[in-house]
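Asks: Let me see the structure of the following:
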Amino acid sequence: ALVLVTVGSQWSRRFDAAHVEQFRTAMVRAAQDRMAHSDIKGIDAEALRRWLAANGGDAGFVLPPQLPDKAIAGCKLVTWQRTRVTMLCFRVDGSHADLFVLDVARLPGIAREGIQRGVTDGAKTTLWCRANKFYLLVEDKAAPALKRMI
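Replies: Coordinates of the predicted model:
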């Protein structure tokens, strides 16, 4: 029985890591899709949250305190594994980045502490958890102004 628990535990960790990489890869591809990058643009944060709530997005996102709502340039709803993921497009000091919001229940078993940085398909990514949501920041180029805000 001990062997099964150990093997099961190791398989679970590999599955979780693979699940996160699938999410990261899918969201990087969505961020890099310039043909259909935004569903909505040019509205204030309150109107954006209403639009998200009405369209099945996640209106309960919590931005880092240093990242103002007014920096949101647009929004898109991305479908991943039959779940709607909110994509917020940011412009800060000439930099562009996309922030994806996903409920923690969609990536079970993943560590909810710390920040995971990586590179996927040439894009810099940063993943963290806050208030029962996973946040994935995808930068298409160096965006030091955004990094300081996480």
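Asks: Residue 62: what's its closest spatial neighbour, skipping adjacent residues?
Replies: Of all residues not flanking residue 62 in the chain, residue 131 sits nearest, at 4.8 Å (C-beta to C-beta, 6 or more residues apart in numbering). (Glycine included, C-beta is placed from N, CA and C.)
Asks: And the one you found, how far from residue 24?
Replies: Going from residue 131 to residue 24 by C-beta to C-beta, to the nearest Å gives 20 Å.
Asks: Can you show me the strands along the protein?
Replies: Remark: strands assigned in the chain by DSSP state E are 40-41, 72-80, 83-92, 95-103, 116-120, 123-130, 133-139.
Asks: could those be laid out in CSV, adding mean neighbour count, distance to residue 63 and mean pLDDT?
Replies: As requested, the strands of the chain are arranged in CSV below (neighbours: other C-beta atoms under 10 Å; distance: least, C-beta to C-beta, whole Å; pLDDT from 0 to 100):
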stretch, mean neighbour count, distance to residue 63, mean pLDDT
strand 40-41, 14, 17, 86
strand 72-80, 18, 9, 91
strand 83-92, 20, 8, 89
strand 95-103, 22, 8, 89
strand 116-120, 14, 19, 88
strand 123-130, 19, 9, 89
strand 133-139, 23, 9, 91
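Asks: Residue 53: which of these is closest?
Replies: strand 83-92 (10.6 Å; C-beta to C-beta).
Asks: What pairs with that closest one, parallel or antiparallel?
Replies: strand 72-80 (antiparallel), strand 95-103 (antiparallel) (DSSP bridges).
Asks: Determine the angle, from 0 to 180 degrees, between it and strand 133-139.
Replies: 50 degrees (axes from the mean of the first three to the mean of the last three C-alpha atoms, to 10 degrees).
Asks: mind checking how far strand 83-92 is from the chain centre?
Replies: Computed by C-alpha atoms, centre = their mean, to the nearest Å, the chain-centroid distance of strand 83-92 equals 7 Å.
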